[in-house]
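3D, please:
(one chain, ligands or ions: 1)
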Amino acid sequence: MIAFFLNKSKYISGMEEHFTDSSICNTSCYSCLRSYQNRRFHPLLNWKLAVDTAFLLKEKKVDTLSIDWLEIVSNSLESLGKEFKKLKLNDFPAVQHERTGNIGVFSHPFLLRNKRHRAISLSMAHREAENRIDSEASIVHLDYFDIIHRPWKVAGYLYTGSI
Ligand SMILES: [Zn+2]
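Purely as a prediction, here's the structure:
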């Protein structure tokens, strides 16, 4: 995958180390996507999502559970605080709010999450979540972008149990 990207874009030459050590940049920096001209959008830029989009266009597939995503998501889940217990549901990262029992399941932004068209692997995670909650609690499906870029919204969803 790296070879595909290294000769394609003016942005790519400055971000070789992003592919070998994703901890260098969780979302975006001036070595990859940020510029003075796009400063209004800096909070929304995500190099990993940009690479996955390009890869999807070229290869028609994406590793939705790649270790790079899972590490960044895991670190972002830590920021929610101790009242959220981290879980793994069919390999998907998830958290359960201690007081409400609500569960948030996190998946790649390209995976279908709504009830009628949910990816099979995500449906299995949903079933595992159902086994962990009582009738008062809810399961909300969110994506990696939500937890990385908008953790305060994720916390709100998990308090209320709805999106
Ligand atoms: Zn970067």
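
which residues in the protein form strands?
With DSSP state E as the criterion, the chain has strands at 84-89, 92-97, 103-107, 139-143.

quick one: which of these is nearest the ion?
Counting by Cβ to the ion, the ion lies closest to strand 139-143 out of those; the figure is 19.9 Å. For the C-beta atoms, the positions are set from N, CA and C on the backbone; glycine is no exception.

Let me see the contact set for the residue nearest the centre of the chain.
Closest to where the C-alpha atoms of the chain average out (Cα atoms, centre = their mean) is residue 144, at 1.3 Å. Contacts for residue 144 (Cβ atoms under 8 Å, 6 or more residues apart in numbering) come out as 69, 72-73, 106-109.

repeat for residue 163
Contacts of residue 163 (Cβ under 8 Å, 6+ apart): 140, 142, 157.

what about the last one, neighbour count?
It refers to residue 157. Residue 157 sits with 19 neighbouring residues when counted by other Cβ atoms under 10 Å.

separation between the nearest residue to it once chain neighbours are set aside and residue 160?
Nearest non-adjacent residue to residue 157, counting by Cβ to Cβ, 6 or more residues apart in numbering: residue 140, 5.1 Å away. Counting by Cβ to Cβ, to the nearest Å, the gap from residue 140 to residue 160 is 9 Å.

list the residues that contact both of those two?
residue 102.

Show me the shaky parts of this protein.
Along the chain, segments meeting pLDDT under 70 span 1-13.
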